[in-house]
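Asker: Take this sequence and fold it.
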Amino acid sequence: MRRVTYSMGSTLDGYVVGPDGGFDWSVPDEEVFAQHLHDLRGTSVHLLGRRLHETMLFWESDGPDLDPAELEWGRRWRALPKVVFSTTLTEVTGSNTRPAEGGLAEEIERLRSESDTGEIAVGGAELAAEAAELDLIDEYRLFVHPVLVGGGRTFFPELERQVSLELVSSRAFGSGVVASRYRVVR
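Answerer: Alright, predicted model coming up:
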């Protein structure tokens, strides 16, 4: 069965955006970007909330200042099927992008029934929080950046239950970023 993954950058104090909504601290260096590109290669469909969808529209064209890894990321992102969950957008733009046809659980169930290959990535803190609450996430992937912002939106949602996790891998990068993968124990 296809795994559902949630991967985002986080501050050391656990936030994906700071109190001002900014996330400039999360710009990856070449080494971290290469890991993100590696992870994207294993993704077969990406589920996004509205804000992340709007942020990722940057990758819909190749800018003149992009390096080869960024150009590959853009090509792969445009080719990747994407589903946008929004209560405010009436239509979505972007290559291979469509609005969600149902609720999150229904979309994931449908996507899992379509294929056994590739991962279903969930992006955006709010959408991931919903997926976590519904116990749909199989693996959490954190890229912890060596910065404290003191507030904002957290990587992990508040849940009404305990979720046990098993460390799958951990890697420290030269920049001080630590990438860790945790599998949900069921």
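Asker: Any idea how many residues pack against the closest residue to A100 other than its chain neighbours?
Answerer: Once flanking residues are discounted, A100 sits nearest to F85: 4.6 Å by C-beta to C-beta, 6 or more residues apart in numbering. Heads up, the C-betas are built off the backbone N, CA and C, glycines and all. Counted with other C-beta atoms under 10 Å, residues neighbouring F85 total 24.
Asker: State the distance from T97 to A69.
Answerer: 22 Å (C-beta to C-beta, to the nearest Å).
Asker: wait, I137
Answerer: Distance, I137 to A69, using C-beta to C-beta: 27 Å.
Asker: Show me which of these two is the more surrounded one.
Answerer: Neighbours were counted for I137 and for A69 using other C-beta under 10 Å; I137 has more, 22 against 13.
Asker: show me the contacts for that one.
Answerer: Residues counted as contacts of I137 (C-beta atoms under 8 Å, 6 or more residues apart in numbering) are 4-6, 122, 128, 131, 184.
Asker: what about stretch 42-56, distance to the chain center?
Answerer: Between the centre of stretch 42-56 and the centre of its chain there are 7 Å (C-alpha atoms, centre = their mean, to the nearest Å).
Asker: Could you shift the numbering so residue one becomes 11, and keep it that way?
Answerer: In the new count, where the first residue is 11, that last one comes out as stretch 52-66.
Asker: gap between the two ends of that stretch?
Answerer: For stretch 52-66, the separation between the terminal residues is 18 Å (C-alpha to C-alpha, to the nearest Å).
Asker: re earlier: any of the contacts of I147 buried? List them.
Answerer: Buried members of these, scored by 16 or more other C-beta atoms under 10 Å, are 14-16, 132, 138, 141, 194.
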